[in-house]
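**Student:** whatever this is, show me its structure:
(one chain, ligands or ions: 2)
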Amino acid sequence: MAHMPVDLLPAPAPRQTPVRAMTIAGSDSGGGAGIQADMRTMAMCGVHGCVAVTAVTVQNSLGVSGFSAIDPAVVADQMRSVVSDIGISAAKTGMLASSAIIESVAATASELGIGRDTPIPLVVDPVSASMHGDKLLADDAMDALRSVLIPKATVVTPNLDEVRLITGIDVTDDTSQRAAAEKLHAMGAQWAVVKGGHLRSSDQSVDLLYNGDVFHSFPYPRIDTGDDHGAGDTLAAAITCALAHGRSVPEAVEFAKGWVSRCLEWAYPLGAGHGPVNPLWRLSV
Ligand SMILES: Nc1ncnc2c1ncn2[C@@H]1O[C@H](COP(=O)(O)OP(=O)(O)OP(=O)(O)O)[C@@H](O)[C@H]1O
Ligand SMILES: Cc1ncc(COP(=O)(O)O)c(N)n1
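**Tutor:** Ligands and ions are numbered 1, 2, ... in the order given. Prediction:
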């Protein structure tokens, strides 16, 4: 297989404190998505990853059979503990499970100076369900996502199902993908990435980035694999890493697209269902 090139983010210097970032997300017991995917990408992108766990899922390659949400106050305390001592230069959210956790994360982000128009950018991956269709966010949490978290996002990264739930727009082509990006920006996100991974009609997987002014299109060849568990988390984690390293949002998305493409090229089968993308591909080249 011809592997696509990707520019790499710098590794930490020996014995120097590395760049730090935080993921606010759920645990995947199967190890393919959630905080496990985020931490692997962060490690491979020269970033020390810190964690605020929001939920513990019971999950394997076939689906999610249940989860236990963490007390919203404990989620907030994890964020405070990390920021007050270790310090971070970017953060991302993944599975947030409930409106109470979304509200707690948004309020604590404001308290700690995390989010758009602050020195600590926030990438909001509005995870609503697993790739198998199992719910990871309560139905009544969509309002909180729209009203308190998306307006804090430096970048929001929904897939097409999440776009439909958040904006009501059914993305089927370039025009509706643009309309969805405009609506997400109008909801308060500084930048919106409308991911095209689920637009299977094309031989390209095109993500569209918009900031109210300019559209950036990121067309990459579609990779033929069913082992794509964790692709969305990995994209958002890679954006977060590049932002933590001081890259601009368009540079970060460009980097992350190359990164996730490599992770998809090196994805492997696991269990009887969908295997995970492979953020450790760098160890094999
Ligand atoms: N088959 C593929 N080939 C190339 N890129 C892909 C493919 N599938 C997804 N991507 C890319 O991977 C990233 C994640 O996209 P996707 O739309 O699958 O998000 P997601 O549904 O949140 O991911 P997941 O649910 O698998 O974690 C995007 O950058 C998308 O363009
Ligand atoms: C804890 C957690 N977070 C996120 C996802 C989404 O990943 P996918 O859409 O690949 O199932 C998941 N399944 N589990």
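
**Student:** and the closest residue to ligand 2 within the stretch 151-285 of the chain, what is it in contact with?
**Tutor:** For the stretch 151-285 of the chain, the residue closest to ligand 2 is residue 229, as judged by Cβ to the nearest ligand atom, at 4.2 Å. In short, each C-beta sits where N, CA and C put it, glycine included. With contacts defined as Cβ atoms under 8 Å, 6 or more residues apart in numbering, residue 229 is in contact with 30, 32-33, 61, 131, 273-277.

**Student:** repeat the analysis, applying 7 Å as the threshold.
**Tutor:** If you count contacts by Cβ atoms under 7 Å, 6 or more residues apart in numbering, residue 229 has them with 32-33, 61, 131, 274-277.

**Student:** try residue 70
**Tutor:** Residues touching residue 70, when contacts are defined by Cβ under 7 Å, 6+ apart, comprise 53-55.

**Student:** now with 6 Å?
**Tutor:** 53-54 (Cβ atoms under 6 Å, 6 or more residues apart in numbering).

**Student:** and ligand 1, which of the contacts of residue 229 contact it?
**Tutor:** Cross-checking these against ligand 1 (Cβ under 6 Å from any ligand atom) gives 33, 131 as the overlapping residues.

**Student:** ok, which pair from the contacts of residue 229 is furthest apart?
**Tutor:** Farthest-apart pair in the contacts of residue 229 is 61 and 277; separation 12.7 Å (Cβ to Cβ).

**Student:** what about those two, which has more around it?
**Tutor:** When residue 61 is set against residue 277 and neighbours are counted by other Cβ atoms under 10 Å, the residue ahead is residue 277, at 33 against 18.

**Student:** who does the strand ranked longest in the chain pair up with?
**Tutor:** Determined from DSSP state E, the single longest strand within the chain is strand 47-60. In its sheet, strand 47-60 lies beside strand 19-28 (parallel), strand 63-69 (antiparallel), with partners assigned from DSSP bridges.

**Student:** got the CA positions of stretch 261-268 in PDB?
**Tutor:** Output of stretch 261-268 as PDB, limited to C-alpha atoms (Å, rounded to 0.1, in the frame of the first residue of the first chain):
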ATOM      1  CA  SER A 261      -5.700   9.200   7.000                       C
ATOM      2  CA  ARG A 262      -2.500   7.500   8.200                       C
ATOM      3  CA  CYS A 263      -4.300   6.000  11.200                       C
ATOM      4  CA  LEU A 264      -7.000   4.600   8.900                       C
ATOM      5  CA  GLU A 265      -4.400   3.200   6.500                       C
ATOM      6  CA  TRP A 266      -2.800   1.300   9.400                       C
ATOM      7  CA  ALA A 267      -6.200   0.400  11.100                       C
ATOM      8  CA  TYR A 268      -6.400  -3.300  12.100                       C
END
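
**Student:** name the nearest residue to the spatially most central residue of the chain, sequence neighbours excluded.
**Tutor:** Among the residues of the chain, residue 236 comes closest to the average C-alpha position under Cα atoms, centre = their mean, at 2.8 Å. Closest residue to residue 236 apart from its sequence neighbours, by Cβ to Cβ, 6 or more residues apart in numbering: residue 125 at 3.8 Å.

**Student:** the one you found reaches residue 94, doesn't it?
**Tutor:** Yes: counting by Cβ atoms under 6 Å, residue 125 sits close enough to residue 94 to count as a contact (5.2 Å).
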